[in-house]
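>>> Here's my sequence, what's the structure:
(one chain, ligands or ions: 2)
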Amino acid sequence: MATDINQTKGIILSGMRPTGRLHLGNYLGALQNWVALQQEYKCIYMVADIHALTTMESPLDVVDIQPNIAEMVLDWLAAGVDPEQSTMFVQSQVPEVMVLHTLLSMVTPLGWLLRVPTFKDKVRQMDETEESVNYGLVGYPVLQTADIILYKADTVPVGQDQLPHLELAREIVRRFNHRFGDTFPEPKSKLTEAPLIVGLDGQNKMGKTLDNHLELASTPEETTKRVLTAFTDPQRSTRSIPGRPEVCNVYSLHKLCSTGDEVATVYDECTTAQRGCVDCKRHLAGNINQYLEPLRDRRREFERNPDYVNQLLDDGGKKARAIAKQTVGEVYEKMGLGKYV
Ligand code: TRP
Ligand code: SF4
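Ligands and ions are numbered 1, 2, ... in the order given. The predicted structure is shown next:
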């Protein structure tokens, strides 16, 4: 075997679209888990830049891709994704994924794709119809399947929203294997056990588009400033009214970032009106800053060294590509296309 990715430990592949700097929800919901999985698996982590193109419409959208990749990968490294253990690369640097995508599209019924709930949601969100939407968006899960099976990954850590894509990936694999002979393992999803991280608006999932997020890479001052804007128990109009931590997102964030003892104190003092919301938020901000300090320190180290980060992605891409070529070679033969380059 040309490289050391395909060895005995299970192979994990996961990806994120390049959204730039990550937020606390990305960290607690996915990234932290990526870091932990490195102990047990051979991990391949990919920046899904071609997937990002499925919802971009103009040159104004695409100018952000390169800076967004750099910012996101800095957060990966800061969080502890370790290039000594895991392979990190950018999807478009392994063009074989587009070859495999085309070939897999020959075994994927259109009906399967039109039924995917994320497809229906995106069409609605983009104010399109199933007729007007880009062909590329319809094929989104086929490209995702290609991402996974190009490296014969068997395990894919994802959030709830991606489960339909994984189901589809397994169906495509089954069909391919049935028609052309056993080639790919059926990839299992590994559901990330993460609580839903609610944003500062106290209503919606934390996310960049709603601007209700806390960036990992912010300064402590910025973080404190944003935490102070958080919505709390809407019935607590003055400090003398006892609060209801159960309905307050500042409390849920305390549960994620403060110690058990502190959480108990917050609960007691809130429900007996001994603690005001501003103090409670300052307390939370302090703990979040403390929690993120090691990550922020590490990020600064990597920021000083952009060449290192670029090199690491180049090396990752080369390593990934060597495997990708073998896989596409195998698929060419099986599908009657002869030799691949
Ligand atoms: N679709 C995934 C998301 O939006 C990103 C992604 C692309 C991915 N390719 C992947 C995830 C392969 C897992 C495996 O979050
Ligand atoms: Fe929420 Fe804290 Fe205010 Fe209670 S004191 S409502 S937990 S911010």
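>>> Quick one: the strands in the chain, in order.
11-16, 42-47, 87-90, 155-158, 188-191 (DSSP state E).
>>> Might you calculate how far the last one sits from the centre of the chain?
So that's strand 188-191. Put simply, strand 188-191 sits 14 Å off its chain's centre (CA atoms, centre = their mean, to the nearest Å).
>>> So which elements touch it?
Under the contact definition 3 or more CB pairs under 8 Å, 6 or more residues apart in numbering; DSSP states H and E, strand 188-191 sits against strand 155-158, helix 163-180. For the C-beta atoms, the positions are set from N, CA and C on the backbone; glycine is no exception.
>>> Buried residues of the last one, list them for me.
By that I understand helix 163-180. Within helix 163-180, the residues that qualify as buried by neighbour count (16 or more other CB atoms under 10 Å) are 164-166, 168-173, 175-177, 180.
>>> what does the lowest-mean-pLDDT helix or strand in the chain contact?
One helix or strand of the chain scores below all others by mean pLDDT, DSSP states H and E: helix 59-62, with a mean of 88. Residues outside helix 59-62 that contact it (CB atoms under 8 Å, 6 or more residues apart in numbering) are Leu53, Met56.
>>> try stretch 234-246
Here stretch 234-246 makes contact (CB under 8 Å, 6+ apart) with 232-233, 247, 251, 266-267, 270-273, 275-277.
>>> Of all the helices and strands packed on strand 188-191, which one is nearest ligand 1?
strand 155-158 (5.0 Å; CB to the nearest ligand atom).
>>> So what's the model's average confidence on that closest one?
What strand 155-158 shows for mean pLDDT is 95.
>>> Can you spell out which helices and strands pack onto it?
strand 11-16, helix 32-37, helix 163-180, strand 188-191.
>>> The second one: which residues count as buried?
Spelled out, that is helix 32-37. Neighbour-count burial for helix 32-37 [16+ other CB under 10 Å]: Asn33, Trp34, Val35, Leu37.
>>> Which other helices and strands does that helix contact?
Partner elements for helix 32-37 (3+ CB pairs under 8 Å, 6+ apart): strand 42-47, helix 65-79, strand 155-158.
>>> now the angle from the longest one to strand 11-16?
Read it as helix 65-79. 130 degrees (axes from the mean of the first three to the mean of the last three CA atoms, to 10 degrees).
>>> circling back to that earlier point, neighbour-wise, give me the winner out of the contacts of stretch 234-246.
Counting neighbours by other CB atoms under 10 Å, Cys270 leads the contacts of stretch 234-246 with 24 neighbours.
>>> Now that residue: closest residue in space that isn't a chain neighbour?
Sequence neighbours aside, Gly243 is the residue nearest to Cys270 in space, at 4.1 Å (criterion: CB to CB, 6 or more residues apart in numbering).
>>> and that neighbour, how far is that from Pro187?
45 Å (CB to CB, to the nearest Å).
>>> Hmm, Glu262 is touching Lys255, no?
No. Applying CB atoms under 8 Å, one finds Glu262 not in contact with Lys255, separated by 9.7 Å.
>>> list residues touching both of the two?
By CB under 8 Å, 6+ apart, no residue touches both Glu262 and Lys255.
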